[in-house]
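Asker: One predicted model, sequence on top.
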Amino acid sequence: MPKQVYRATLQVMALPLLASMALFAAGPAADGADKPAMKPTYSKDIAPILFSKCVQCHRAGDIAPMQLETYKQVRPWAKSIAEQVSKRAMPPWFADPEHGKFRNDRHLTDGEIKLISAWVESGAPEGDPKDLPMRPALAEGWSFSRPPDLVIEMPLTVKVPAEGQLDMMNYYAPVPFTEEKWVEAVELRPGNRQVVHHSIVNVVTLPKGLTHEQLVSGKKLGGLGWKLIGQAPGKGAESHPEGVAKRIAPGTYFEFNMHYTPTGKPEEDRSLLGLWFAKGPIHHEVVTRPAMEQTLIAGKVVARGGIPRIPAGAENWAIDGQMTVKDDITVYSMSPHMHFRGHDMKYTVRFPDGHEEVLLNVPHYDFEWQLNYEFDKPVKVPAGSTFIINGHFDNSKNNPKNPDPTSEVIWGQQSWNEMFIPWAEWTVDKQDLSKMSKEEIDKMRNAARVRDPEVRDPNEKPEKP
Ligand code: HEC
């Protein structure tokens, strides 16, 4: 493999592709773990796989328990690596490879898994270090390819008690710029991964005259807002193609919506928000919303703003969502969200001509890994198309993650409550900022704030079923 290829700016995304190309180039090696001729080495064959699909987490200061960046670090783990990849427990990736092509796809091909097993079986040799590929460009402490342009700290260090059950807390940091900014990438990093269960940053408008004490009280201060990013294990930076970005208006606030889980001893956290500003002109503003306006049970529309109660012990409890698209849109990514009882979620689009296409299928959802699946090529969904979301919950005792199969489950923020949110990121094609006047843009934004049913309080209680 030509080494200079790794120097491209987009190398982080390009790596998975290159790694699989290398395997094709290796020919029979890729499909023949049993062929004695195959002598894979760390430097030549294994490092490219680990660099593109593992080190994002398995490096100093990141979420995995050990580093896999050098032969020395990898060698003691060789057997465990072969085990974990063979049962597809690592790397975490849950999209059914039958549907959708994702630029952040890190699932291993069967060939790669065989190659790793063959390498381990033959004694996990290092090979010639000259064969090593370039290390992927990853900013220290962040999963994007360069350090953030601006880091926003949570406005206080939160003291998390040793025990107890904590409500969702909200802390507000004022947006520190006086002109609008466009962010092409964003990442939320816990200050202390032991206690941050998950977190979200919304961009919200608050009433004037709030004091610092109010902003850091932890209480929800209300106001209209929209979701900038969610954080949970496995979620790194979210980024957008050139010309497409999220807009942050001056005068607004970053709302850090934090879910802490006590560890048994007092802990502290100060989470960080990394922002990467877009360099060129922006033609479309991207939004993160549920691709769902109606919830259905057995084909009947039920209460919105939550989900109906899931009966105790229910095993394969089906729920569907649906949303008809009023304008032509372009979809960039999808991120299914459920809690411990969530079993699967599938996003299908029914196009105006009636044909259907599955955009993303997650047949075995895992709450521990909240992943964002970013399309390789953004998907065009014309006006009149309908998103059909199918999901199942397993509230039975067969679900090893189920905290209590004997209880009925209601919609809620805590992980023992449930949610069903098919998050997606999209732009509206006709809202081309490069072609609109300032008045048109202002009008569009005001209309969206009033009309858009999804711009709502994330803590809103569901309607009574
Ligand atoms: C998105 C982050 C992430 C990626 C990518 C990832 N891992 Fe992991 N890995 C973890 C975390 C976190 C753990 C700790 C156990 C857990 O939470 O499942 C772990 C655990 C492991 C373990 C078990 C360690 C033990 O204590 O037994 C092995 C082996 C492993 N990973 C190998 C890999 C390999 C090989 C790859 C790439 C092919 C990979 N991982 C990719 C996050 C990641």
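Answerer: Sure, I can see it.

Asker: As a check, name the ranges of all strands in the stretch 151-300 of the chain.
Answerer: Using DSSP state E, counting those that start in this stretch, the strands of the stretch 151-300 of the chain run over residues 158-160, 169-174, 181-189, 196-204, 225-231, 238-239, 244-248, 253-260, 267-269, 272-277, 284-285, 287-290, 294-297, 300-302.

Asker: And the pLDDT for residue 391?
Answerer: In this model, residue 391 is scored at 97, pLDDT.

Asker: okay, now it: neighbour count?
Answerer: Using other C-beta atoms under 10 Å, residue 391 is surrounded by 24 other residues. Where you see a C-beta, it was placed from the backbone N, CA and C, and this is true even at glycine.

Asker: Apart from its neighbours in sequence, what residue is nearest residue 332?
Answerer: residue 425 (4.6 Å; C-beta to C-beta, 6 or more residues apart in numbering).

Asker: Just read off the phi/psi values of the one you found.
Answerer: phi -120, psi 130 (degrees, to the nearest 10).

Asker: Quick one: neighbours of it, just the number.
Answerer: Neighbourhood size, residue 425 [other C-beta under 10 Å]: 24.

Asker: next one: residue 388
Answerer: Neighbours of residue 388 using other C-beta under 10 Å come to 20.

Asker: Check residue 249 too.
Answerer: Other residues near residue 249 number 13, with proximity taken as other C-beta under 10 Å.

Asker: give me the element the residue lying closest to residue 98 once chain neighbours are set aside is part of.
Answerer: Spatial nearest neighbour of residue 98, excluding adjacent residues (C-beta to C-beta, 6+ apart): residue 361 at 7.0 Å. Per DSSP states H and E: residue 361 is located in strand 356-362.

Asker: Buried residues, that strand. List them.
Answerer: 359, 360, 361, 362 (16 or more other C-beta atoms under 10 Å).

Asker: what are the pairing partners of it, and which direction each?
Answerer: strand 342-350 (antiparallel) (DSSP bridges).

Asker: rewinding a little: enumerate the beta-bridge partners assigned to the residue nearest to residue 332.
Answerer: Counting by DSSP bridges, residue 425 is bridged to residue 288, residue 333.

Asker: Verify the contact between the residue nearest to residue 98 and residue 97 for me.
Answerer: No: Residue 361 is not in contact with residue 97 according to C-beta atoms under 8 Å; the separation is 9.5 Å.

Asker: low-confidence ranges in the stretch 201-350 of the chain?
Answerer: 303-305 (pLDDT under 70).

Asker: what residues does it put near the ligand?
Answerer: 233, 234 (C-beta under 6 Å from any ligand atom).

Asker: Tell me which residue in the stretch 201-350 of the chain sits closest to the ligand.
Answerer: For the stretch 201-350 of the chain, the nearest residue to the ligand under the criterion C-beta to the nearest ligand atom is residue 234, separated by 4.0 Å.

Asker: Local confidence estimate at the closest residue to residue 279 other than its chain neighbours?
Answerer: Leaving aside its chain neighbours, residue 279 sits nearest to residue 184 (7.6 Å; criterion: C-beta to C-beta, 6+ apart). pLDDT recorded at residue 184 is 95.

Asker: And for residue 138?
Answerer: 83.

Asker: so it sits in a strand?
Answerer: No: read with DSSP: H, G, I helix; E, B strand; the rest coil, residue 138 is coil and lies in no strand.

Asker: Distance check, it against the ligand.
Answerer: Distance from residue 138 to the ligand, counting by C-beta to the nearest ligand atom, to the nearest Å: 12 Å.

Asker: Tell me how this protein divides into domains.
Answerer: 3-131, 150-282, 287-431 (automatic domain parsing).

Asker: right, and the ones you listed - which one's nearest residue 445?
Answerer: domain 150-282 (8.6 Å; C-beta to C-beta).

Asker: Quick one: end-to-end distance for the closest one.
Answerer: When the termini of domain 150-282 are compared using C-alpha to C-alpha, to the nearest Å, they are 19 Å apart.

Asker: from memory the residue nearest to residue 279 sits against residue 276, does it?
Answerer: Yes: Residue 184 is within contact range of residue 276, at 5.5 Å (criterion: C-beta under 8 Å).

Asker: Common neighbours of the two, please.
Answerer: With contacts taken as C-beta atoms under 8 Å, 6 or more residues apart in numbering, the residues that reach both residue 184 and residue 276 are residue 239.

Asker: ok, back up a step: neighbours around the residue nearest to residue 279, how many?
Answerer: Residues near residue 184, counting by other C-beta under 10 Å: 24.

Asker: and the residue nearest to residue 368 when sequence neighbours are not counted, how many residues sit next to it?
Answerer: Spatial nearest neighbour of residue 368, chain neighbours left out: residue 233 (6.2 Å); criterion: C-beta to C-beta, 6+ apart. The burial count assigned to residue 233 is 19, neighbours taken as other C-beta under 10 Å.
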